[in-house]
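# 3D, please:
(chains A and B)
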Amino acid sequence: MSSNLLVELQTYAAQSNSKVTTTRKGETFIEVNQDHIKEFISHVVNDLKILHLATITGLDLGENIGIIYHFSQESDSIHVRSTVPKTQSTAVSIVDIIPGAILYEMEIHDLFGVTFAGNPWINQKLLLPDNWPDDLPPPLLKTTKPAEIRKRLHLEVERK
Amino acid sequence: MSDESKRREESAGLMEYSVENLVPFGPIHPALKEPEYFKLILEGEKIVQVIPRIGYVHRGLEKAAESRPWVQNMYMFERTCGICSFVHSLCYGQAVEGLTIYEVPRRAKYIRLIISELERIHSHLLWVGLMGHWAGFETLFMWVWNDREVILDLVEAISGNRVHKSMNAFCGVRRDMPENIEDRIVERMKFITDRAHYYREIIDTEETMLARTENVGNKINQETAQKLCAVGPMARYVGLRQDVRLNDPYAAYDEVPFDIVTRTEGDVRALLRLRLDELVVSANMISYAVKHLPEGPIRVKIAPIIPAGEHSSHCEAPRGEIFYYVKSTGGRTPDRVKSRQPTMANIPTALELLKGQTLADVPMVLTAIDPCFGCMDRMSFLDMESHKQWTWSGEQLRQYGIKHYFPDRFNSSNSSKFRRAD
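Next up, the predicted model:
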């Protein structure tokens, strides 16, 4: 990652009370509050010209759901990290900045139950089957056990 | 208000994205080949809107990875795809290697490059054959798939397997290159180069391919492709210089000279030309790599427990960038593995390419993105002018497309198969 970009990110982090970490093999993670995420991503895309969104990752962090936006442009890459509480998991959609993020947000909605406000397709299922029960927790949460999913979706194979 | 205008007003509402306007769709069976589903909203012959529904063969690999040992996951992720299998294990392996202190030996990096490029050639050839099949040029399909056997034989000679190579290990590869294979590889690469030039000539001159590919597909500009997160050939065919091999080299891509191919015409034929030109680039890279293969160990043995931390990796699969993110808490199993395949990233672009095209062009445009779901098994249609709904299988759509362009190629007994369901 170029040093100019790192300085720019550190300046932003100092202003907004967030944190920039660089891993041993040189990957840069920046933590951004959910309230500022849209503003920051707009800054990354429009001003820093880091244009390619590789994907959005969801993470089960115990009490919170982590959302990581992986951006890259040529050899530069930054990972923008944000969290939403599990009890009220609503995040801001970035579809109006990057229209291609629409499926990634739908995927996280399916697998972690995070609702993205502003995504027009968010209530459609993308990966989960249509008969996924509403009261069954999203599958990638640590508390959801595979055995429970099999049982509720009637996928148990009877062993003779 | 006349009936006609009332009906038009009602149908205009269908253009908005909302759940109420979805076209109902019948049963689908996951055992069919690559079952994916697109709802096409039509206005006469023109496509107005496309809504995807994927996930019929979603197997929950990310959840499964959380309960399996690190090494076992590598071979599980290799089974994500039957065509670009090696690059998945490579990308997952690189993400995990990022958490350890070990370096990959140089010889292993070269072997990884050779297998990756062989895989790219075989994937691109497979795709060119499929384009011939969907266009109604079966001879091309037969020729190309016959040439693909050359590559599969080489892969078998190196790895022992034709499809799932299982070559990767953490910090290295499991098998060394067989002795005295260098000449054979160089000779086969020359053969592939010759064939690629020949196919370039065919797609530029042959009537069927010209009719089915020239100016087909909604033209998009670079900015749109970037905003829709297009990857791989779908980004390069509008002129973006986006290639992980060049921008962020992994394996031995920083030591082997090559240049990526870009095009600017923006139609389906540009994609054909681009992928055929990439065959030549890959063949040259493989020839160079086998001639300059360094001596030394092929693998470093590492402990089965991976230190805590998080790391990501991306690689250039034949279809575009693939991305893996790995998080470890220092245990025997990963805490989280995220995998993103290129087709997922290219779907928004494909939907954009379909807009304004005729129904007959759908198979060509959807195949042009080289989707991992090569066959659209079923599609349902909604004609906004007549409010008719019907469902076709992929084969019916293929025949409809061929008949649309070449009506005289079918006799009357066949024609009933692709009549609209009136």
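
# contacts and neighbour counts: CA atoms only from here.
Fine.

# where do the helices sit along the stretch 251-400 of chain B?
B:268-291, B:342-354, B:362-368, B:394-405 (DSSP state H, counting those that start in this stretch).

# Identify each buried residue in the longest one, please.
Residues of helix B:268-291 classed as buried under the neighbour-count rule (16 or more other CA atoms under 10 Å in any protein chain shown) are B:268-290.

# Of those residues, which are in range of chain A?
Counting by CA under 8 Å from any CA of the partner chain, nothing from the buried residues of helix B:268-291 sits close to chain A.

# quick one, helices of the stretch 1-150 of chain B?
With DSSP H, counting those that start in this stretch as the criterion, the stretch 1-150 of chain B has helices spanning B:3-12, B:61-65, B:70-78, B:85-97, B:106-135, B:138-159.

# actually chain A, not the one I typed
A:3-16, A:37-46, A:102-112, A:146-152 (DSSP state H).

# since we're on B:P178, how many residues are nearby?
10 (other CA atoms under 10 Å in any protein chain shown).

# same thing with A:N46?
A:N46 has 12 nearby residues by other CA under 10 Å.

# what's the closest non-adjacent residue to the closest residue to chain A within the stretch 101-250 of chain B?
Nearest residue of the stretch 101-250 of chain B to chain A: B:L228, at 3.8 Å (CA to the nearest CA). The shortest distance from B:L228 to any non-neighbouring residue, by CA to CA, 6 or more residues apart in numbering or on different chains, is to A:G100 (3.8 Å).

# one step back: mind putting the helices of the stretch 1-150 of chain B in a markdown table, distance to chain A and mean pLDDT included?
Converted to a markdown table, those look like this (distance: least, CA to the nearest CA, whole Å; pLDDT from 0 to 100):
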| stretch | distance to chain A | mean pLDDT |
| --- | --- | --- |
| helix B:3-12 | 18 | 50 |
| helix B:61-65 | 6 | 89 |
| helix B:70-78 | 17 | 92 |
| helix B:85-97 | 10 | 93 |
| helix B:106-135 | 18 | 93 |
| helix B:138-159 | 30 | 93 |
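
# most packed of the ones you listed?
Highest mean neighbour count among the helices of the stretch 1-150 of chain B (mean count of other CA atoms under 10 Å in any protein chain shown): helix B:85-97, with a mean of 26.

# Just the angle for that one relative to helix B:106-135, thanks.
Here helix B:85-97 runs at an angle of 140 degrees relative to helix B:106-135 (axes from the mean of the first three to the mean of the last three CA atoms, to 10 degrees).

# does the residue nearest to B:L228 really touch B:T224, like I thought?
No - judged on CA atoms under 8 Å, A:G100 makes no contact with B:T224 at a distance of 9.5 Å.

# Now do stretch B:250-259: everything it contacts.
For stretch B:250-259, contacts defined as CA atoms under 8 Å, 6 or more residues apart in numbering or on different chains pick out B:106, B:109-110, B:112-113, B:245-246, B:281, B:285, B:288-289, B:315.

# start to end distance for it?
15 Å (CA to CA, to the nearest Å).

# Please work out the average pLDDT along that stretch.
For stretch B:250-259, the mean pLDDT works out to 93.

# what number of residues lie near B:A230?
Residues near B:A230, counting by other CA under 10 Å: 31.

# Which residue, neighbours along the chain excluded, lies closest to it?
B:N346 (5.2 Å).

# Buried ones in stretch A:69-86, by neighbour count?
Using 16+ other CA under 10 Å as the test for burial, stretch A:69-86 gives A:69-74, A:76-84, A:86.

# about what we covered before: got a pLDDT number for the residue of the stretch 101-250 of chain B closest to chain A?
We have a pLDDT of 93 for B:L228.

# hmm, who's touching stretch B:68-87?
B:61, B:65, B:88-89, B:92-93, B:115-116, B:119-120, B:123, B:163-170, B:304-306, B:315-318, B:332-334, B:372.

# most centrally placed residue in chain A?
In chain A, the centroid-proximal residue (CA atoms, centre = their mean) is A:I67; its distance is 2.9 Å.

# what residues are up against residue 140?
Because you didn't say which chain, this covers chain A. Contacts for A:L140 (CA under 8 Å, 6+ apart) come out as A:60, A:111-112, B:62-63.

# that's the other chain; I wanted chain B
Contacts of B:L140 (CA under 8 Å, 6+ apart): B:129, B:132-133.

# Output those residues as JSON lines; include the columns distance to B:Y405.
JSON lines is the format used below for these (distance: CA to CA, whole Å):
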{"residue": "B:G129", "distance to B:Y405": "19"}
{"residue": "B:G132", "distance to B:Y405": "14"}
{"residue": "B:H133", "distance to B:Y405": "14"}
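
# what is the rounded mean pLDDT of stretch A:55-63?
pLDDT averaged over stretch A:55-63 gives 93.

# and that stretch, C-alpha only, in PDB?
Extracted in PDB, the C-alpha atoms of stretch A:55-63 (Å, rounded to 0.1, in the frame of the first residue of the first chain):
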ATOM      1  CA  THR A  55     -16.800  -8.200  -1.500                       C
ATOM      2  CA  ILE A  56     -18.500  -7.600   1.800                       C
ATOM      3  CA  THR A  57     -17.900 -10.100   4.600                       C
ATOM      4  CA  GLY A  58     -20.100 -10.700   7.600                       C
ATOM      5  CA  LEU A  59     -18.700 -11.900  10.900                       C
ATOM      6  CA  ASP A  60     -20.300 -13.100  14.100                       C
ATOM      7  CA  LEU A  61     -18.400 -11.300  16.900                       C
ATOM      8  CA  GLY A  62     -20.500 -12.500  19.800                       C
ATOM      9  CA  GLU A  63     -22.700  -9.500  20.700                       C
END
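
# Give the residue spans of chain A that score low on pLDDT.
A:1, A:156-160 (pLDDT under 70).

# for chain B, what are the nearby residues on it?
A:25, A:27, A:51-55, A:57, A:59, A:74-75, A:97-101, A:103, A:120-121, A:123-129, A:139-140.

# Just the buried subset of the residues you listed, please.
A:27, A:51-55, A:57, A:59, A:74, A:98-101, A:103, A:120-121, A:125-128, A:139-140.

# For the residue lying closest to B:V244 once chain neighbours are set aside, give me its contacts.
In this structure, B:V244 finds its nearest non-sequential neighbour in B:E316, 5.4 Å apart by CA to CA, 6+ apart. Residues near B:E316 by CA under 8 Å, 6+ apart: B:87, B:232, B:243-245, B:322.

# And those residues, which is closest to B:E97?
B:E97 has its nearest neighbour among those in B:V87, at 14.7 Å by CA to CA.

# Is B:R162 part of a helix or strand, or is it coil?
Following DSSP: H, G, I helix; E, B strand; the rest coil, we place B:R162 in the coil state.

# any idea what sits nearest it, other than its immediate chain neighbours?
Nearest residue to B:R162 in three dimensions, chain neighbours excluded: B:E156, at 4.9 Å (CA to CA, 6+ apart).

# Now do the same contact list for A:E74.
When contacts are counted by CA under 8 Å, 6+ apart, A:E74 touches B:242, B:244, B:247-248.

# Let's see if you can find the most crowded of the residues you listed.
B:Q242 (25 neighbours).

# got the domain boundaries for chain B?
B:3-57+B:344-418, B:62-339 (automatic domain parsing).

# looking at those, which has the lowest confidence?
For the domains of chain B, where the average pLDDT is lowest is domain B:3-57+B:344-418, sitting at a mean of 64.

# Would you check that B:K165 makes contact with B:S159?
Yes - counting by CA under 8 Å, B:S159 is a contact partner of B:K165 at 5.7 Å.

# which residues are common contacts for those two?
By CA under 8 Å, 6+ apart, no residue touches both B:K165 and B:S159.

# quick one on the thing from earlier: ok, now which ones touch the residue nearest to the centre of chain A?
Contacts of A:I67 (CA under 8 Å, 6+ apart): A:56-59, A:81-84.
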